[in-house]
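Colleague: pasting the sequence and the predicted model now:
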Amino acid sequence: MIEKYSTSFDGMYVDVLFDWDAPEIKEKIINFVHKKLNYSNNTSLSFKNYLKSFLRLLAEAVCLNSLKMDLKVSLSNLDSDYGIRLNGEDGIFLLSFQTWEIPNRLDFSVVKSQTDDTYDNINAYIDDDIRYLLDEIYENDLGLELEAITKLIG
């Protein structure tokens, strides 16, 4: 099952797509929260609270780090430090984010063709900081082709 979640606080905003059928996705979310907040492994919260914390911490990590370094480095650090990949390979896909310092929202979208079961390519101007995401397009178990694009929303 695929679901979209959003969170917004302190002028930061993220949209994240979760594929709940991906292996160990809930464990990855719980481990991320434990590592970021220095919880011991015996700390127990409801999964809903873990998910809320995950979204808030993710927004903070992506938005604040992208102000200090380029997006590629920021996302790479999440992978190397916490084992979280936001390109969909682990069932977590960053759809969009926005900060108070970067007034234009970066959007990454999934688009389905109306004519058949294939997914259309999207022509868009790609920001240099996220151009590398186009190289990470893949097909998941549901046959969804994920493409990263940017749109300026102002």
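Modeller: Sure thing, it's come through.
Colleague: now the strands for the protein?
Modeller: Applying DSSP state E to the chain gives strands spanning 2-9, 12-19, 92-98, 106-107.
Colleague: where does pLDDT dip in this protein?
Modeller: Low-confidence segments of the chain (pLDDT under 70): 9, 39-43, 63-74, 99-154.
Colleague: okay, the angle between the helix ranked longest in it and strand 92-98?
Modeller: Secondary structure of the chain per DSSP state H: the longest helix is helix 47-68. For helix 47-68 against strand 92-98, the angle between stretch directions is 60 degrees (axes from the mean of the first three to the mean of the last three CA atoms, to 10 degrees).
Colleague: which other helices and strands does helix 47-68 contact?
Modeller: On a contact count with 3 or more CB pairs under 8 Å, 6 or more residues apart in numbering; DSSP states H and E, helix 47-68 meets strand 2-9, strand 12-19, helix 25-37, helix 71-82, strand 92-98. To be clear about C-beta, it is placed using only N, CA and C from the backbone, and glycine gets the same treatment.
Colleague: in it, what's buried?
Modeller: 50-51, 53-63, 65-66 (16 or more other CB atoms under 10 Å).
Colleague: now, among the residues you listed, which is nearest to residue 32?
Modeller: Nearest to residue 32 out of the buried residues of helix 47-68 is residue 54 (CB to CB; 5.9 Å).
Colleague: list the contacts of the closest one.
Modeller: Listed by CB atoms under 8 Å, 6 or more residues apart in numbering, the contact partners of residue 54 are 29, 32, 33.
Colleague: nearest to residue 81 among the residues you listed?
Modeller: Among the contacts of residue 54, residue 32 lies closest to residue 81 (CB to CB), at 9.6 Å.
Colleague: the nearest residue to that closest one once chain neighbours are set aside - how many residues pack around it?
Modeller: Using CB to CB, 6 or more residues apart in numbering and skipping the chain neighbours, the partner closest in space to residue 32 is residue 82 (5.0 Å). When neighbours are counted by other CB atoms under 10 Å, residue 82 registers 18.
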